[in-house]
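Asks: Provide a 3D model corresponding to the input given below.
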Amino acid sequence: MNVSSSLSGIQTSITRHDITAHDVANVNTPGFKQRTAHQAETSPRGVRISRITHTPDSSAASSNTSLIEESKEQIQNKNTLSANTSVLKVKDRMIGELLDIFG
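Replies: Alright, predicted model coming up:
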């Protein structure tokens, strides 16, 4: 279990959440372009946001933000955040038990 990979996953999930929240907040803004976060692996383990792109829009009169896509992204972010925090909790518990045994 690598703490840094869990922490980078948590930070990436938070950033992705911020991006989707911003997209949803601007769903009624004329000409607003939905943003997409792209992830990249880091060495030795972990992830980061490598770039953020705007989804092309066919009409400048309305936003191209899809609330369905944003909702799916939010669910995925929540699950990723939950999984990474679970890893940290297990690691913390394991260290605590080791300290109890050897302390």
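Asks: Taking the centroid of this protein, which residue is nearest it?
Replies: Residue closest to the average C-alpha location in the chain (CA atoms, centre = their mean): Ser13, at 1.8 Å.
Asks: which SSE is the nearest residue to that one once chain neighbours are set aside in?
Replies: Nearest residue to Ser13 in three dimensions, chain neighbours excluded: Leu81, at 4.1 Å (CB to CB, 6 or more residues apart in numbering). In short, each C-beta sits where N, CA and C put it, glycine included. Of the helices and strands defined by DSSP states H and E, Leu81 is found in helix 67-102.
Asks: returning to that earlier point: the residue nearest to Ser13 contacts Thr12, correct?
Replies: No. Checked against CB atoms under 8 Å, the pair Leu81 and Thr12 is beyond contact range at 9.2 Å.
Asks: more neighbours, these two?
Replies: Shown here are Leu81 and Thr12; by other CB atoms under 10 Å, Thr12 has more neighbours (22 against 18).
Asks: I'd guess the more buried one is in a strand, am I close?
Replies: No. Under DSSP: H, G, I helix; E, B strand; the rest coil, Thr12 falls outside any strand and is assigned helix.
Asks: separation between it and Asn77?
Replies: 9 Å (CB to CB, to the nearest Å).
Asks: Keeping just the C-alphas, turn stretch 24-38 into CSV.
Replies: Only the C-alpha atoms of stretch 24-38 are listed here, as CSV (Å, rounded to 0.1, in the frame of the first residue of the first chain):
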residue,chain,number,x,y,z
VAL,A,24,-22.7,22.4,-13.7
ALA,A,25,-22.7,25.9,-12.2
ASN,A,26,-22.3,27.3,-15.7
VAL,A,27,-24.9,25.1,-17.5
ASN,A,28,-27.1,28.1,-18.2
THR,A,29,-24.2,30.4,-19.3
PRO,A,30,-24.5,31.1,-23.0
GLY,A,31,-21.5,29.9,-24.9
PHE,A,32,-19.9,28.1,-21.9
LYS,A,33,-17.8,25.1,-23.0
GLN,A,34,-17.8,22.0,-20.9
ARG,A,35,-14.3,21.1,-19.6
THR,A,36,-12.8,17.6,-19.4
ALA,A,37,-10.0,16.6,-17.1
HIS,A,38,-7.4,14.2,-18.5
